[in-house]
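1. This is a predicted model, with the sequence first.
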Amino acid sequence: ISKENKQSIEFYLTDIVRPTVALKKLVGPVPVTQDDLDKAFTATFGPRVRCRAVVLDNQRRAQEVWQIARQNPTAEVIGNLAEQYSVDPTSKALRGEVPPIQKHSGQPALEREAFALNAGELSGIIQIADRFMILLCEGYTKPVEVTFDEVRDELHRDIFEKKQRIEMARFFTHLRESASIDNFLAGTSQSPKSNLPQNLPAASKMPPSTITQRETNELSKPRAKPRAGSRAVGNSSRAVSPASFDEQLVK
């Protein structure tokens, strides 16, 4: 740590380790339900939809592009349309190629439309935030041949860590917003928000608004998939949408 980050061990312990341990104790136990495990198993090891996508920034243009695409819904045509019209730089450069779409990725509208398609079928216009997507299904990936019992412990650890990070972030945000802070160096002051209780609640009883959806999505991103999962999806762990499109999904 001291070599890579050029920070002392004492600084690391004081600034990172101790606050993290304290937050974990304040948050307390975080439940991992069977539903959490089932969804994680499906998302990690289940089939994914292989698609090409055109991403537009207004409905009129999306309608025009869709009318062209529906006349000849092939990978070549969609690739040409993505290269010409897509506002997403990544999929534009790759002629509409996007990572396979998995279930339970946090984008239910996109998942619902994608998994309703058969190979060679064109979707309707899918609106997500201020973007409009057109998908062409190229088929499905094969599920990983692994049983739930073989990966249950790995899934449990991964889910527990994600949920714990989310609760820790919520609790820290609550602490910050409920505190009186006088910054004499900057000459600023902060008063507690009037709608927050002064006594610290249990983490499970904190209002969900103390952490934004964007922060939740960032914290819940997988850090490392189980080994069997890596075989299933190769290096395409991002899944679902073009890189620049993710910013449009959460406001």
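-> Good, I have the coordinates.

2. State the mean pLDDT of the top helix by length along the chain.
-> Longest helix in the chain, counting residues (DSSP state H): helix 148-177. For helix 148-177, mean pLDDT rounds to 92.

3. wait, Glu113 sits on Leu135?
-> Yes - between Glu113 and Leu135 there is a contact under CB atoms under 8 Å: 6.6 Å. Quick note: C-beta positions are derived from backbone N, CA and C, even for glycine.

4. related to what we said a few turns ago, the helix or strand just after the longest helix of the chain: partners in the sheet, and parallel or antiparallel?
-> On the C-terminal side of helix 148-177, the nearest following helix or strand under DSSP states H and E is strand 181-183. Strand 181-183 pairs in its sheet with strand 188-190 (antiparallel), by DSSP bridges.

5. Contacts for the partner strand, please.
-> For strand 188-190, the surrounding residues in contact (CB atoms under 8 Å, 6 or more residues apart in numbering) are Ala179, Ser180, Ile181, Asp182, Asn183.

6. quick one: which of these is most hemmed in?
-> Ala179 (12 neighbours; other CB atoms under 10 Å).

7. tell me, what's touching Glu113 and Leu135 both at once?
-> Ser123, Ile126.

8. between those two, which one's more packed in?
-> With neighbours defined as other CB under 10 Å, Glu113 and Leu135 compare such that Leu135 has more, 25 against 22.

9. Could you look up the SS state of the more buried one?
-> For Leu135, the assignment made with DSSP: H, G, I helix; E, B strand; the rest coil gives strand.

10. residue ranges with poor pLDDT in the stretch 1-150 of the chain?
-> Filtered on pLDDT under 70, the stretch 1-150 of the chain yields the residue ranges 1-2.

11. circling back: any chance of the contacts of strand 188-190 in a markdown table, with distance to Asp153 too?
-> Output for the contacts of strand 188-190, formatted as a markdown table (distance: CB to CB, whole Å):
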| residue | distance to Asp153 |
| --- | --- |
| Ala179 | 39 |
| Ser180 | 44 |
| Ile181 | 42 |
| Asp182 | 47 |
| Asn183 | 45 |
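
12. Need phi/psi at the nearest residue to Lys92 once chain neighbours are set aside.
-> Nearest residue to Lys92, sequence neighbours excluded (CB to CB, 6 or more residues apart in numbering): Ser86, at 4.2 Å. Here is the backbone geometry of Ser86 (degrees, to the nearest 10): phi -60, psi 140.

13. I'd say Ser86 and Asp57 touch.
-> No - contact criterion CB under 8 Å: Ser86 and Asp57 do not qualify, at 9.6 Å.

14. Compare those two (neighbour count), which wins?
-> Ser86 (26 against 14).

15. need the contact list for that one.
-> Contacts of Ser86 by CB under 8 Å, 6+ apart are Ala53, Val54, Val55, Leu56, Lys92, Gly96.

16. How about Ala114?
-> Val49, Cys51, Ile101, Ser123, Leu135, Cys137 are the contacts of Ala114 under CB under 8 Å, 6+ apart.

17. which non-adjacent residue is nearest Ser191?
-> Ser180 (6.0 Å).

18. ok, the one you found to Pro29 distance?
-> Here the criterion is CB to CB, to the nearest Å. By it, Ser180 lies 30 Å from Pro29.

19. measure the residue nearest to Lys92 to Val54 for me?
-> 5 Å.

20. Give me the common contacts of those two.
-> With CB under 8 Å, 6+ apart as the test, Ser86 and Val54 both reach Gly96.

21. Give me the local confidence score for the residue lying farthest from the centre of the chain.
-> Most distant residue from the mean C-alpha position of the chain: Phe184, 38.2 Å away (CA atoms, centre = their mean). On pLDDT, Phe184 comes in at 89.

22. Pull up the gap between it and Asp15, please.
-> From Phe184 over to Asp15 (counting by CB to CB), the distance is 21 Å.

23. Equivalent analysis for Gln190, please.
-> 21 Å.

24. tell me, how many neighbours does Asn5 end up with?
-> 9.

25. Great, nothing more from me.
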